[in-house]
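1. the following block contains a protein sequence and its predicted model.
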Amino acid sequence: MAIIGFIGLGNMGGPMAENLLKAGHELRVFDLAQTSVDKAVAAGASAAASIPEVVKGAEVVVTMLPAGPHVRAVLTDGGALANADYGTLFIECSTIDVDTARAMHAAATEAGMEMVDAPVSGGTAGAAGATLTFMMGGSEAAYERARPICDKMGKAVIHAGGPGNGQAAKICNNMILGVTMIGVCEALVLAEKLGLDHQKLYDISSQSSGSCWSLNTYCPVPGPVPTSPANNDYKPGFAAAMMEKDLKLAQAAAQSVGAATPMGAAALALYGLFLNAGQGNVDFSGIIKMIRGN
């Protein structure tokens, strides 16, 4: 079993760290929120007082942070790369922009470390249940080192290619998710106005050409999928604010390479309106309430 440093114990990182502990790994953890650290310690981790302390002597360092600036603050400004032992593997699980991911790969290589950018899909339920999908960018050798660690936190670990390609896969995937969720919401609201029962539309579309994850697994109305957030007052598995963040990353990436993404841009605009209405902490499927007009 590996000695792992884990930085970032939020809604995703906390349960991911616990799954590594359940798998028998030795964890040292660091987070700015003491309550998150205390929870990990209660599960069997040891607490580190600083970033240099959490990485020193670790064979693997996992980071799960909010955005690109936080990743830079930890890896370069905070001294994670400078204080880790030579050859340490960094598994960077945050969802960030591709340029920052590639810059961190370069910094890791310069410091004598290996790195994969490994953003995840599956939300808080996937983090808790160890059913995440990891989209991994980096060398084949780094991927092979990271895979058995990530296998303990997820159900699929897929090598997307070179540095930054994990992030590229994540933002493309979540652009699909944001666009399809809005389409599903619009169809369900239209069905309401036409007098068609939600369950009937679900039974038909989930088995025909309208089938998609946003409908089949995450249906945004109560009833058809009992485990969807719609049945829990839209308590977030994946908050609307996080969806807006990922759609912004996708639009920035599209602009940087001259790709036309009009549906992605429309989805970003709608989620922006949803956030402006104070709904950032609602599950992203809750946008059906805005589409419905309530």
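-> All right, it came through fine.
2. ok, the residue lying closest to Ala254 once chain neighbours are set aside - contacts?
-> Leaving aside its chain neighbours, Ala254 sits nearest to Thr261 (4.4 Å; criterion: Cβ to Cβ, 6 or more residues apart in numbering). C-beta here means a position set from N, CA and C on the backbone, and glycine is covered the same way. Listed by Cβ atoms under 8 Å, 6 or more residues apart in numbering, the contact partners of Thr261 are Met175, Ala250, Gln251, Ala254.
3. wait, what's in contact with the third one?
-> Meaning Gln251. So Gln251 contacts Thr261, Gly264, Ala265, Leu268 (Cβ under 8 Å, 6+ apart).
4. A helix includes it, no?
-> Yes: Gln251: assigned to a helix according to DSSP: H, G, I helix; E, B strand; the rest coil.
5. for Pro69, pull up the helix or strand it's in.
-> Element membership of Pro69, judged by DSSP states H and E, is helix 68-72.
6. which of the helices or strands spans Ile158?
-> strand 154-161.
7. against which helices or strands is that strand packed?
-> Under the contact definition 3 or more Cβ pairs under 8 Å, 6 or more residues apart in numbering; DSSP states H and E, strand 154-161 sits against strand 132-137, helix 140-150, helix 165-194.
8. who does it pair up with?
-> Under the criterion DSSP bridges, strand 154-161 sits next to strand 132-137 (parallel) in its sheet.
9. centre-most residue in the chain?
-> Val120 (4.4 Å; Cα atoms, centre = their mean).
10. that one: what's it in contact with?
-> Neighbouring residues of Val120 by Cβ under 8 Å, 6+ apart: Met12, Cys93, Thr95, Gly126, Ala127, Leu132, Thr133, Phe134, Met135, Met153, Gly154, Lys170.
11. whichever of those residues end up buried, select them in PyMOL.
-> This is the PyMOL syntax for the buried subset of those, where burial follows 16 or more other Cβ atoms under 10 Å:
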select buried, resi 12+93+95+126+127+132+133+134+135+153+154+170
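12. so can I have TSV of the contacts of Val120 showing distance to Ala40?
-> Converted to TSV, the contacts of Val120 look like this (distance: Cβ to Cβ, whole Å):
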residue	distance to Ala40
Met12	13
Cys93	16
Thr95	21
Gly126	19
Ala127	13
Leu132	18
Thr133	23
Phe134	20
Met135	25
Met153	14
Gly154	19
Lys170	25
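13. who does the spatially closest residue to the residue nearest to the centre of the chain that is not a sequence neighbour form a beta bridge with?
-> Distances taken as Cβ to Cβ, 6+ apart place Leu132 nearest to Val120, at 4.3 Å, with adjacent residues excluded. With DSSP bridges as the criterion, Leu132 is bridged to Gly154.
14. how far away is Leu132 from Gly44?
-> 20 Å (Cβ to Cβ, to the nearest Å).
15. try Val189
-> 47 Å.
16. about what we covered before: so who does the residue nearest to Val120 touch?
-> The contact partners of Leu132, by Cβ under 8 Å, 6+ apart, come to Met16, Val120, Ser121, Gly122, Gly126, Cys150, Met153, Gly154, Lys155, Ala156.
17. please tell me how far the residue of the chain most remote from its centre sits from Cys185.
-> Distance from the centre of the chain peaks at Gly195, with 36.8 Å (Cα atoms, centre = their mean). Distance of Gly195 to Cys185, computed by Cβ to Cβ: 18 Å.
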